[in-house]
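**Student:** one predicted model, sequence on top.
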Amino acid sequence: MFENLSERLSRTLKNISGRGRLTEDNIKETLREVRMALLEADVALPVVRDFVKRVKERAVGIEVSKTLTPGQEFIKIVQAELEAVMGDANEQLDLATQPPAVILMAGLQGAGKTTSVGKLGKMLKERHKKKVLVVSADVYRPAAIKQLETLASEVGVDFFPSSADQNPVDIAKAALDEGKLKFYDVVIVDTAGRLHVDDAMMDEIKDVHHAINPVETLFVVDAMTGQDAANTAKAFNDALALTGVVLTKVDGDARGGAALSVRHITGKPIKFLGVGEKTDALEPFHPDRVASRILGMGDVLSLIEDLERNVDKDKAEKMAKKFKEKKGFDLGDFRDQLQQMKSMGGMMGMMDKLPGMSNLPANVKDNVDDKMFVQMEAIINSMTPRERQRPEIIKGSRKKRIAAGSGTQVQDVNRLLKQFTQMQKMMKKMQKGGMRNMMRQMKGMMPPGGPGGGFMG
């Protein structure tokens, strides 16, 4: 998400550097470019107008402080205004009510409501330790109820049965009664996709809303629809009094117009981003982190949270102990690293959150293919424990056997062994010179200007 906007802004903001102060004349061209970048990202016109006006008001005549260049000063202003457009901070679900807290999900057909119900149920159960019941009031799509039942079972939350011949209001009421009776903390109600111009369907969801009085009414909308997402959310809000928005499929949206338009047009906060198909691919929406990502500065905080959630602590401790005792790094350890990376959304998922990644050449990004990691893991799995511990014994006939067992070619096995040898050398350097040496090497690999890339200076 935001690849195009990030790239365009990075180029634009380079041009402002080297000024003693920011004046109306020397930021005029930059602001025009910022405006074009936002419009190309499908940000709604009123949002763009307001944004550019506020940046200009804050920037003109500002004395550049001794510690910052004009480029950095301008970026600070742009970042602050991006955050203001999207909401000043992450707004969490308000579940402070007599249990069960009811969450009603609304939206268009195909926006990803049912999947979002499953993801949200999983998040509430695992991260917030809530007892969750989910129910489908979608009586129009035959597979919808079954889909939610399967999802609930997959993520480990309870499912309240319903059928296509029931009334949606009756289903929601019965689920709420069950929630009270069995002391659930949260009941999530999935509803049928509907258009805001369909009066009968809008009346139905209003009736459901009135019957269960939810503490949260979330509008689920596909980020790929750009600024239309914000306009549809506004139409629903006029009818339903939403409390927040879930923006789905943001991993497929390179523009990001919806994220920058929703808050301004609806007055409602984006509470979550759907960032993939996996059941844990739901992130709380942090405007400051998203603004940082747009400006190519990465999102290190979210990366750290991913690490804390997904890294196997026992394996990490074993690895650290091995390190301290200066024991070798073998192919078993290499496989563990690949598995950890996969659980964090793969290499591209991690790279998106690292500073300076917007400055990487396109051909470098294109070469990062997460399927490659699946292949590497398969090759290591085809080895014997002894071969994993002593890769130097893997010669001709062993290579053929490993390739056949993993469904790959001998050259794939050779490539893996070469990559492993490079990683082994890096690990040895770390053991010799410690973490400081490693950080020095990584700094050397950064784009000019350090984290955030070259446009900072």
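**Tutor:** Right, received. Where do you want to start? Residues are numbered from 1 along each chain as shown.

**Student:** using the three-state scheme, assign Phe159.
**Tutor:** Secondary structure, DSSP: H, G, I helix; E, B strand; the rest coil: Phe159 is strand.

**Student:** if you could redo that for Gln98, that was the one I meant.
**Tutor:** Secondary structure of Gln98, per three-state DSSP, is coil.

**Student:** how many residues are close by it?
**Tutor:** By other CB atoms under 10 Å, the residues close to Gln98 number 7. C-beta here means a position set from N, CA and C on the backbone, and glycine is covered the same way.

**Student:** repeat that for Gln339.
**Tutor:** 13.

**Student:** could you check the pLDDT of it?
**Tutor:** Listed pLDDT for Gln339 reads 70.

**Student:** next one: Phe159
**Tutor:** 91.

**Student:** same deal with Pro355?
**Tutor:** On the pLDDT scale, Pro355 gets 46.

**Student:** same check on Met201?
**Tutor:** On the pLDDT scale, Met201 gets 85.

**Student:** ok, Gln389 touching Asp333?
**Tutor:** No: the criterion here is CB atoms under 8 Å, and Gln389 misses it with Asp333 at 9.9 Å.

**Student:** neighbour count winner among these two?
**Tutor:** Neighbours were tallied for Gln389 and for Asp333 using other CB under 10 Å; the higher tally belongs to Asp333 (22 against 14).

**Student:** am I right that that one sits in a helix?
**Tutor:** Yes: if the criterion is three-state DSSP, then Asp333 is within a helix.

**Student:** distance of it from Gln339?
**Tutor:** 11 Å (CB to CB, to the nearest Å).

**Student:** now the strands for this protein?
**Tutor:** Assigned by DSSP state E, the chain shows strands spanning 101-107, 132-136, 158-160, 186-190, 216-222, 244-248, 270-274, 282-284.

**Student:** please list all residues in contact with Ala233.
**Tutor:** 219, 221, 242, 245, 262, 265-266, 268 (CB atoms under 8 Å, 6 or more residues apart in numbering).

**Student:** of these, keep whichever come out buried.
**Tutor:** Buried residues within the contacts of Ala233, counting neighbours by 16 or more other CB atoms under 10 Å: 219, 221, 242, 245, 262, 265-266, 268.

**Student:** okay, domains of this structure per the record?
**Tutor:** 3-86, 101-292, 302-456 (automatic domain parsing).

**Student:** give me the number of residues near Val186?
**Tutor:** Val186 - counted by other CB under 10 Å - has 25 other residues nearby.

**Student:** wait, it sits on Lys131?
**Tutor:** Yes: assessed by CB under 8 Å, Val186 is found in contact with Lys131 at 7.4 Å.

**Student:** number of nearby residues for Ile380?
**Tutor:** For Ile380, using other CB under 10 Å, the count is 21.

**Student:** please name the nearest non-neighbouring residue to it.
**Tutor:** Closest residue to Ile380 apart from its sequence neighbours, by CB to CB, 6 or more residues apart in numbering: Arg335 at 4.4 Å.
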